[in-house]
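1. for reference, the sequence and a predicted model appear below.
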Amino acid sequence: MQVSDVFRFKNREIKALHLTWIAFFICFYVWFNMAPLASSMLRSVDWLTADDLRLFAIANVALTIPARILVGMALDRFGPRRVFSILMVVMAIPALVFAFGETREQLFMARLVLSSIGASFVVGIHMTALWFKPRDIGFAEGLYAGWGNFGSAAAAMTLPTIALTLYGGPDGWRWAIALSGLVMGAYGIFYWFAITDGPNPDSHRKPRKAAALEVSSWRDLVLLILFTIPMVGILSILVWRMQNMGYLDGMTAAFVYAAIVVVILYQIVQVLRVNVPILKKGVPADDRYPFKSVAALNTTYFANFGAELAVVSMLPLFFEQTWGLNAAMAGLIAASFAFVNLFARPMGGLVSDRFGNRKFVMLAYMLGIAVGFALMGLMDSTWPLIVAIAITIFCSFFVQGAEGATFGIIPSIKRRVTGQISGMAGAYGNVGAVFYLFVFTFVTPSQFFFIIAAGAFVSWVVCLLWLKEPEGGFGDEYVISSVDEAIALEARRKKEAQAELARVFAGSQKVDLVEKGESLTVTARFSNLDELRAALARISGTDAPPRSNPAPAE
């Protein structure tokens, strides 16, 4: 795939790519529509404080973590078109609630629920993987994510103008946020009708079980359980912060902590329920995949996307306080970190496609992140501002490129469970964001940058030891195993059976064939008893019995 191909709008794959990155752009725009209007919010109401907004910032990435896992399982089962559309329409509701909330508790809960919109990322990743071949997937995924991520910068650039100029007054911020939510809901409806799940009906392949990620060995099962715990456990940080700020009393916090433990245990039970029967039966050699690669990519997304989400929330204030800039200038300079998304993330995927060794590219980018943030940790007011800006852009280039390289690998690990792998890796990006934002409350900006650099280096070591070059990562088609073929055959046979049942039960209102455990349940609905008797007669091969006439009423 060439860069110039993105302008071939009549090409079905390119059209799908543009429709999908626009959807993600709108989701990202809504996801980060609070920060640009924070000062307007504080001026318009007297019951909000800066500490409340900092708590909202953590809430804004909190539920994205479990949402990405749930959405990952849902899109593997229902397909990305339906999941993306429904997610956009449903998330428009908390956006409107946040826009017109009248208490800090209402705003907090709306922001917490709205954080689920971050799960839109993994939906688009899966959709893009359905449309593009392995040799082109890196650039396609990078362009989708990079141009979509630019939504946060677009929100910072346009929302203040919309609030002050288009609407004006103390409630301008409310109408600006509400407008963004309405646009997202409308596009969700449009997306439902504008795209399909891949170029043909067989593009979307369902996993055997959508409740948890399938693994290939007992050792991988243990590793999966270990990596499952932090995805929900990290939310305890938010609960602790809420309790300290008076949003929760001790008893309520204890219940929430207990709920987090219950969810973790439930996830572990689901992992065991799905994988123990599979592992006992034995996984065919051609269906195995290295979960260590998934674990390694979890750490890369923790260290790159997690760092991005955390850094963009503190970078404007860092430039303002370190070099004595005004807020507008500091915000403009800090926005350069997000601007790099437009070309750096697609380039990361493109380099991964072209270099011929995806693991080496991943290692190079993660090392670049470590060096970049280490340099940022050394910056202070004695450094020329232009040099500081150059280092910030340099660091961002590796951060965004590493994100593109991560998702240039994921679709080739195991096609059948791409949604769940994307969901887990994506969730670890938000785990990283929550962790880094929590750490930032205890350290200086310089120390913060050094900690992020250390996290990137740890990820580099993990990738060096665990990441495996994906099989067929540069082929014309994704690797299909014997299990994939068996699942596809079963799906075709089920479809044929449904068609046969529809013929047998002609005249019924609806015929359903549903899997329940190890058995199948057939449900047919008839409007009256005569239609049922006629269907039974067709099954038995006899003539339909005469129509019964009810006795006249006396």
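-> Received the coordinates, thanks.

2. residue ranges with poor pLDDT in the stretch 451-554 of the chain?
-> 472-479, 484, 487, 506-509, 515-518, 541-554 (pLDDT under 70).

3. need the strands for it, in chain order.
-> Under the criterion DSSP state E, counting those that start in this stretch, the stretch 451-554 of the chain carries strands at the ranges 510-516, 519-525.

4. please name whichever of those is nearest to residue 342.
-> strand 510-516 (45.0 Å; C-beta to C-beta). Every C-beta, even on glycine, is put in place using the N, C-alpha and C of the backbone.

5. show me where the stretch 151-300 of the chain has helices.
-> 172-194, 218-233, 235-244, 250-281, 291-323 (DSSP state H, counting those that start in this stretch).

6. helices and strands around the first one, which ones?
-> Contact analysis of helix 172-194 by 3 or more C-beta pairs under 8 Å, 6 or more residues apart in numbering; DSSP states H and E lists helix 12-31, helix 38-44, helix 80-100, helix 137-161 as its packing neighbours.

7. could I get the strands of the stretch 451-554 of the chain as JSON lines with distance to residue 81 and mean neighbour count?
-> What follows is the strands of the stretch 451-554 of the chain, written out as JSON lines (distance: least, C-beta to C-beta, whole Å; neighbours: other C-beta atoms under 10 Å):
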{"stretch": "strand 510-516", "distance to residue 81": "22", "mean neighbour count": "12"}
{"stretch": "strand 519-525", "distance to residue 81": "26", "mean neighbour count": "12"}
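
8. and the ones you listed as JSON lines, adding distance to residue 121?
-> JSON lines is the format used below for the strands of the stretch 451-554 of the chain (distance: least, C-beta to C-beta, whole Å):
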{"stretch": "strand 510-516", "distance to residue 121": "30"}
{"stretch": "strand 519-525", "distance to residue 121": "36"}
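
9. before we move on, back to that, need the winner for burial among the helices of the stretch 151-300 of the chain.
-> helix 291-323 (a mean of 23; mean count of other C-beta atoms under 10 Å).

10. which helices and strands does it pack with?
-> So helix 291-323, by 3+ C-beta pairs under 8 Å, 6+ apart, packs with helix 218-233, helix 327-334, helix 336-339, helix 358-378, helix 385-409, helix 418-440, helix 445-466.

11. buried deepest among the helices and strands packed on helix 172-194, which one?
-> Most buried among the helices and strands packed on helix 172-194, counting by mean count of other C-beta under 10 Å: helix 137-161, with a mean of 24.

12. what about residue 135, neighbour count?
-> 17 (other C-beta atoms under 10 Å).

13. ok so, going back, nearest approach to residue 72 belongs to which of the helices of the stretch 151-300 of the chain?
-> helix 218-233 (11.0 Å).

14. can you show me the CA trace of the closest one as PDB?
-> The C-alpha coordinates for helix 218-233 follow below in PDB (Å, rounded to 0.1, in the frame of the first residue of the first chain):
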ATOM      1  CA  TRP A 218      -1.200 -24.000  30.400                       C
ATOM      2  CA  ARG A 219       1.700 -21.600  30.900                       C
ATOM      3  CA  ASP A 220      -0.100 -19.000  28.700                       C
ATOM      4  CA  LEU A 221      -3.200 -19.500  30.800                       C
ATOM      5  CA  VAL A 222      -1.300 -18.500  34.000                       C
ATOM      6  CA  LEU A 223       0.200 -15.500  32.200                       C
ATOM      7  CA  LEU A 224      -3.300 -14.400  30.900                       C
ATOM      8  CA  ILE A 225      -4.600 -14.500  34.500                       C
ATOM      9  CA  LEU A 226      -1.700 -12.400  35.700                       C
ATOM     10  CA  PHE A 227      -2.300  -9.800  33.000                       C
ATOM     11  CA  THR A 228      -6.000  -9.800  33.600                       C
ATOM     12  CA  ILE A 229      -5.800  -8.600  37.200                       C
ATOM     13  CA  PRO A 230      -4.400  -5.100  36.700                       C
ATOM     14  CA  MET A 231      -7.000  -4.200  34.000                       C
ATOM     15  CA  VAL A 232      -9.600  -3.900  36.700                       C
ATOM     16  CA  GLY A 233      -7.500  -3.700  39.800                       C
END
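
15. elements contacting it?
-> By 3+ C-beta pairs under 8 Å, 6+ apart, helix 218-233 packs against helix 64-78, helix 250-281, helix 291-323, helix 418-440.

16. which residues are contacting that helix?
-> With C-beta atoms under 8 Å, 6 or more residues apart in numbering as the test, helix 218-233 has contacts from 65-66, 69, 213, 215, 260, 263-264, 267-268, 271-272, 275-276, 279, 290-292, 294-295, 298, 424, 427-428, 431.

17. could I get the helices and strands packed on helix 172-194 as JSON lines with distance to residue 6 and mean pLDDT?
-> Formatted as JSON lines, the helices and strands packed on helix 172-194 follow (distance: least, C-beta to C-beta, whole Å; pLDDT from 0 to 100):
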{"stretch": "helix 12-31", "distance to residue 6": "6", "mean pLDDT": "93"}
{"stretch": "helix 38-44", "distance to residue 6": "35", "mean pLDDT": "82"}
{"stretch": "helix 80-100", "distance to residue 6": "20", "mean pLDDT": "95"}
{"stretch": "helix 137-161", "distance to residue 6": "7", "mean pLDDT": "81"}
